[in-house]
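J.: Sequence first, then the predicted structure, then my questions.
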Amino acid sequence: FDVTVELTSKGLAAIDDVIGAIFSYVRMLREEPIPNYVFDEVLQLSELEWRFTTKGNAGSYVQSLVKSMVEYGDISPSLVVAGPRRVALKETLSRLEEPRTSFASNSQREETRSATLDFTNKLVVDNAIITVLSKTFEGKTSSVEKWYGTNYNVRPVSVSTLVKWSNCVKASELGIAYPKPNVFIPEEKGLRVKKKVKFDEAKARSFEGRMTPPTPPTIIRDDDWTVYFKQDDRFGEPKAFVIFQLLTKEVYSSAFFAALSQLYQTCVFDALEEYAYDATLAGLNYDVQVLPRGVRLTFGGYNDKLEDFAAYISRKLSREVGDVLPKTDTEFDRYKDRLLRALSAFDVKQPYGHAIYYSSLTLQPRNFQYTNEQLRAAMRQVMLPDLLNYSSKLWSSGKGEALIQGNLDEKEALRLVSKIDQTLAFKAVSADEYPPRLKALPLPLVAPDTTPTRLTVSEPNPSNNNAAVQVLIQSLGETEKDHVLIEIIDAIVHEPFYEDLRTNQQLGYIVSSGLKAVAKTRNINFIVQSSVASTEKLTNAVLKFLSGVRRNYLEPLNEGDIAVYVKGLLDKKTEPDKKLAVEATRNWAEIASGRLEFDRIQKEAASLLDITKADIIEFWDEIYSGASQGRRIMISEVVPRSGPASSKSPATTTGYAEGRKNGAKSPGGSLRLGVDDIEQFRRDRE
């Protein structure tokens, strides 16, 4: 049994008092009777999770079964699956065959209470191990962990502190009490599935079933709101997922507003945590995100209490936003400090993460991704009045988009949207005021015999002696064929790339390749991180590998090889969704992107079946060799400041930012950039 507490700097200074409060709660568990409704709710929630468990990761499930075989197998083989997932009570077989909504008798509840008290009596100070993690301990430790090199100290707790914890104050003196009854637990009548589902899994996994797209959502309202709706016809669960988005230009239009959006999100999550905690226990969840194109609210879980939950959260986030924002400068500074520390943590990320980050900046418009430095500077400037003013206007105007999917009928879906509409009460804007959609910035075209565009930066963390390189190849093609061809290329080169640079050349312990989508485009990325090789050596090794891809891996392909790659991708791409949330998320991605191609997966799968060897080679020649017009490639290098992999510290600018763009080119004609050139480079690509 463990308890984890996230501390502010003030909390860290009062760590003994924080731990004392935890023992005060444990004292309450021992001395004050736990209310009956707490036991009843735990039983009900356990049964809900058991009845409506959805398919998850097969590997994790197998591991849990192995553990259960050890813990429950000797008692009864039937408990291997159910044992860790249902509250263990002495039950008759008939009781276990039906959903349990209450204890069979008062004596059964009292037996459970007695077992709980036996357990809490063991939660004493003498049995506790306290672990405290903080950056403030750096340079103050005396031991090093054997395997990972983590610096740490081990020290006994003083006798006086142990005595203080053992004789802690009553919980009531700290304002701590048992939780109130959970109003979000669905009632049995609310768990009725409204539409009978006839799902044939064997048919869904057949070739015909995989190539048949699921029923798409349809528009049921189109005015100030465009509402897409789909009643569940596949999963047969009493759950629903709803997504509301208010499209507006202003909320993310500057780094200052982006910083305010982070503060807004952090404050409201913290303020609503106690209310939302019970909902989370009862299988409900919510999320609020301020994005480049507006504000998004997401709700999910059992549909019985979903409408009331969504209405309350929406009201607090908009009309009653003052209830969830800081009341004093001291409280505001606590949130601001937390976010500044999170932004500062960027510096200690791994170098390959920095390489990915810097290259990603070059692909997105400035108002879709602000730099870490810009956000830090903006966060330092914001004050409480700025947050109050920003939050008061956040939901004031825009265009509404929504997706309602799951165990709701059309009438209920429309009622839910109307309730949210009345709560937000935003002013509708015209179509010309809608925020623009994300479009990938095209990298500069370079000739086949020219070194690609290169961005070289110094590793932000002076104590990290690893070099890192990412080579990104951009494909601006937006057709189904373009998308599946780059997926096939990735499947072909993924293992050979790792084997060559990691296993054979041993250039680095992190070697990987993969795909990334930016709007409707696709990129294939090759990443290496090393503590022994410089960025120049890593870059040359990656480019040498890529130059040999056609000769070594594409030209030798035969029809059988291609069929294997196609089948692997086809099976992966058309794997039926296992959860309602996955299908809803996929549908929302089509709505949010504006593509509205709800059958896109099946279209891409159909395109896969027509791919030939000539297509693959021609596509590679186009995106890497630049056979027709040139190629679009970005090399992102992160140079460490010390260690065997270090080299001369790169300049922060090559002159590009000052307008000396020809001077920023290398003798071979390729464009060279420093970290201070990124902003101007993005501006030019826009």
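T.: Everything's here; your move.
J.: so residue 321 sits right up against residue 389, yeah?
T.: No. Because the distance of 11.2 Å does not satisfy CB atoms under 8 Å, residue 321 is recorded as not touching residue 389. From N, CA and C alone the C-beta is placed, and that goes for glycine too.
J.: So which of the two has more stuff around it?
T.: residue 321 (20 against 12; other CB atoms under 10 Å).
J.: Just list the residues touching that one, thanks.
T.: For residue 321, the contacting residues are 268, 391, 392, 394, taking CB atoms under 8 Å, 6 or more residues apart in numbering as the criterion.
J.: List buried residues within these.
T.: For the contacts of residue 321, burial is judged from neighbour counts taken by 16 or more other CB atoms under 10 Å, and it is met by 268, 391, 394.
J.: and the gap between the second one and residue 268?
T.: Meaning residue 391. Residue 391 sits at a distance of 9 Å from residue 268 (criterion: CB to CB, to the nearest Å).
J.: anything in contact with each of those two?
T.: 321, 325.
J.: so where do the helices sit in the stretch 201-350 of the chain?
T.: Counting by DSSP state H, counting those that start in this stretch, residue ranges of the helices within the stretch 201-350 of the chain are 201-205, 207-210, 255-271, 273-281, 306-317, 329-344.
J.: to the chain's geometric centre, what's the distance from the second one?
T.: Between the mean C-alpha point of helix 207-210 and the mean C-alpha point of its chain there is a distance of 30 Å (CA atoms, centre = their mean, to the nearest Å).
J.: cool, and the fourth one?
T.: How far helix 273-281 lies from its chain's middle: 20 Å, per CA atoms, centre = their mean.
J.: mind listing what's buried in it?
T.: Applying a neighbour-count criterion of 16+ other CB under 10 Å, one finds 276, 278, 279, 281 buried in helix 273-281.
J.: now, among these, which is nearest to residue 409?
T.: The shortest distance between residue 409 and any of those, using CB to CB, involves residue 279 and amounts to 22.8 Å.
J.: Could you list which residues are in contact with the closest residue to residue 465 other than its chain neighbours?
T.: Leaving out its chain neighbours, the residue that sits closest to residue 465 by CB to CB, 6 or more residues apart in numbering is residue 643, at 2.7 Å. With contact taken as CB under 8 Å, 6+ apart, residue 643 is in contact with 465, 466, 531.
J.: Any of those buried? List them.
T.: Buried positions within these, assessed by neighbour count (16+ other CB under 10 Å), are 465, 466.
J.: Tabulate the contacts of residue 643 in JSON lines, adding columns for secondary structure, pLDDT and distance to residue 165.
T.: Putting these into JSON lines (DSSP: H, G, I helix; E, B strand; the rest coil; pLDDT from 0 to 100; distance: CB to CB, whole Å) gives the following:
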{"residue": "465", "secondary structure": "coil", "pLDDT": "95", "distance to residue 165": "42"}
{"residue": "466", "secondary structure": "coil", "pLDDT": "96", "distance to residue 165": "42"}
{"residue": "531", "secondary structure": "coil", "pLDDT": "95", "distance to residue 165": "44"}
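J.: Any chance of the contacts of residue 321 in JSON lines with distance to residue 341 and pLDDT as columns?
T.: Formatted as JSON lines, the contacts of residue 321 follow (distance: CB to CB, whole Å; pLDDT from 0 to 100):
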{"residue": "268", "distance to residue 341": "19", "pLDDT": "96"}
{"residue": "391", "distance to residue 341": "22", "pLDDT": "95"}
{"residue": "392", "distance to residue 341": "27", "pLDDT": "92"}
{"residue": "394", "distance to residue 341": "25", "pLDDT": "94"}
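J.: which of the buried residues of helix 273-281 lies closest to residue 102?
T.: Out of the buried residues of helix 273-281, the one with the shortest distance to residue 102 is residue 281. That distance is 17.5 Å, counting by CB to CB.
J.: Quick check: that closest one vs residue 38, distance?
T.: As for residue 281, its distance to residue 38 is 11 Å (criterion: CB to CB).
J.: again with residue 386
T.: Remark: distance between residue 386 and residue 38 (CB to CB) = 42 Å.
J.: can you check residue 542 too?
T.: Note on residue 542: its distance to residue 38, by CB to CB, is 58 Å.
J.: do the same with residue 612
T.: For residue 612, the distance to residue 38 - CB to CB - is 65 Å.
J.: higher neighbour count, the two?
T.: Set side by side, residue 612 and residue 38 give different neighbour counts by other CB under 10 Å, the larger being at residue 38 (16 against 11).
J.: The helix or strand where the more buried one lies: what's the following helix or strand?
T.: Mapping residue 38 onto the secondary structure by DSSP states H and E places it in helix 36-51. Once the chain leaves helix 36-51, the next helix or strand it forms, by DSSP H and E, is helix 58-72.
J.: Let's see that next one as PDB, backbone CA atoms only.
T.: Coordinates of the C-alpha atoms in helix 58-72 are reproduced here as PDB (Å, rounded to 0.1, in the frame of the first residue of the first chain):
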ATOM      1  CA  ALA A  58      -2.800  -8.700 -24.600                       C
ATOM      2  CA  GLY A  59       0.700  -8.700 -23.100                       C
ATOM      3  CA  SER A  60      -0.300  -6.900 -20.000                       C
ATOM      4  CA  TYR A  61      -3.400  -9.200 -19.600                       C
ATOM      5  CA  VAL A  62      -1.200 -12.300 -19.800                       C
ATOM      6  CA  GLN A  63       1.100 -11.000 -17.200                       C
ATOM      7  CA  SER A  64      -1.800 -10.300 -14.900                       C
ATOM      8  CA  LEU A  65      -3.100 -13.800 -15.400                       C
ATOM      9  CA  VAL A  66       0.300 -15.300 -14.500                       C
ATOM     10  CA  LYS A  67       0.300 -13.400 -11.200                       C
ATOM     11  CA  SER A  68      -3.300 -14.400 -10.500                       C
ATOM     12  CA  MET A  69      -2.500 -18.100 -11.100                       C
ATOM     13  CA  VAL A  70       0.000 -17.800  -8.200                       C
ATOM     14  CA  GLU A  71      -2.300 -15.900  -5.900                       C
ATOM     15  CA  TYR A  72      -5.700 -17.500  -6.700                       C
END
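J.: which of the residues in that helix are buried?
T.: When burial is assessed from 16+ other CB under 10 Å, helix 58-72 yields the following buried residues: 68, 72.
J.: now swap in stretch 441-454 and tell me
T.: 441, 443, 444, 446, 450, 451, 452, 453, 454.
J.: Out of those, which sit inside strands?
T.: 453, 454 (DSSP state E).
J.: Give the residue spans of the chain that score low on pLDDT.
T.: Within the chain, the stretches falling below the threshold (pLDDT under 70) are 78, 83-85, 87-88, 92-94, 662-664, 666-669.
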